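K.L.:
I would like to see how this sequence folds:
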Amino acid sequence: MADPLVFLPGFMCDARVFWPQIMSFSPKRAVQVAAVSQADSIGALAQRVLDGAPRRFALYGQYLGGMVAMEILNRAPDRVSRMVLQGTTAIVEPPAAAAEREPGIIGVRNGRLIEVMRETISAAGVGDVGHRDQVVELALDMAEAMGPDTFVRQSRALQRRPDPQRTLRKAKQPALILCGEYDQLCGVKRHEFLADLLPNAELKVISGAGHYLTLEQPSAVNHALNDFLDAPLLLT
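P.N.:
Coordinates of the predicted model:
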């Protein structure tokens with residue numbers, strides 16, 4: 001029987017960011033979307049996911065969810081059969097970047113969540129796809145549903161994220177690294193570095209997509225994910 005697939009959404013995203021993948025893969029295997037919104041540290045978020053996850057599972061993490069996935073791998077490597085990391089990074093937040101989050105936090109606390117998120121989405125990069133406006137509106141809808149308190153908690157978790165590089169170098173699981181060609185938040189070079197850290201990683205750059213590639217190029221993502229999940233596990 002196929003291992004359950006656990007999705008971890010990114011910053012200010014909910015299950016809808018994986019809707020095309022849920023629709024495609026739920027007939028074939030158990031699918032679960034875990035919240036990464038109820039704590040302000042990567043460690044606490046990872047433990048919450050582990051507490052509610054199946055005994056053994058495949059893991060797909062997007063941006064913040066990818067950082068949580070790396071911490072899950074650190075805490076419970078025997079429970080993760082394979083891992084997909086998308087639009088994320090293995091580099092800790094530099095002090096300057098952490099400081100740059102503060103105006104956004106202040107703005108959100110002052111009632112400007114949608115304004116701040118429009119700027120955030122634009123800076124992250126959305127590909128020039130025909131349904132670009134729908135992707136942006138859905139990203140805004142998800143952010144509004146998550147709310148200001150989640151914005152602050154997730155921002156703090158990003159600022160204080162741990163260094164996962166030692167964990168990744170020791171990983172035995174197969175890993176698929178997905179990156180949108182036009183992702184401005186975590187670009188191709190960061191994904192190349194991430195793939196180099198993992199002993200059994202494959203990098204795929206999705207043409208025409210930006211940071212929200214599961215929504216921008218769902219067919220390409222689904223094809224890559226299907227091939228990855230169907231590949232036999234090699235004994236190490």
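
K.L.:
Would you map the helices across this structure?
P.N.:
19-25, 42-52, 64-75, 95-100, 102-109, 113-124, 132-146, 148-159, 165-170, 188-197, 213-216, 218-230 (DSSP state H).

K.L.:
Could you check how far the most centrally placed residue in the chain is from Met1?
P.N.:
Among the residues of the chain, the one closest to the centroid is Gln62, at 1.0 Å (CA atoms, centre = their mean). The gap separating Gln62 from Met1 is 25 Å, by CB to CB, to the nearest Å. Every residue, glycine included, has its C-beta placed from N, CA and C.

K.L.:
if we can go back for a sec, what are the phi and psi values at the nearest residue to the residue nearest to the centre of the chain once chain neighbours are set aside?
P.N.:
Using CB to CB, 6 or more residues apart in numbering and skipping residues adjacent in sequence, the residue nearest Gln62 is Gly10, 3.9 Å away. For Gly10, the backbone dihedrals (degrees, to the nearest 10) come out as phi -90, psi -170.

K.L.:
doesn't Val17 make contact with Gly10?
P.N.:
Yes: between Gly10 and Val17 there is a contact at 6.7 Å, judged by CB atoms under 8 Å.

K.L.:
Quick check: neighbours shared by the two?
P.N.:
Gln62 (CB atoms under 8 Å, 6 or more residues apart in numbering).

K.L.:
The two: who's more crowded?
P.N.:
Gly10 (29 against 25; other CB atoms under 10 Å).
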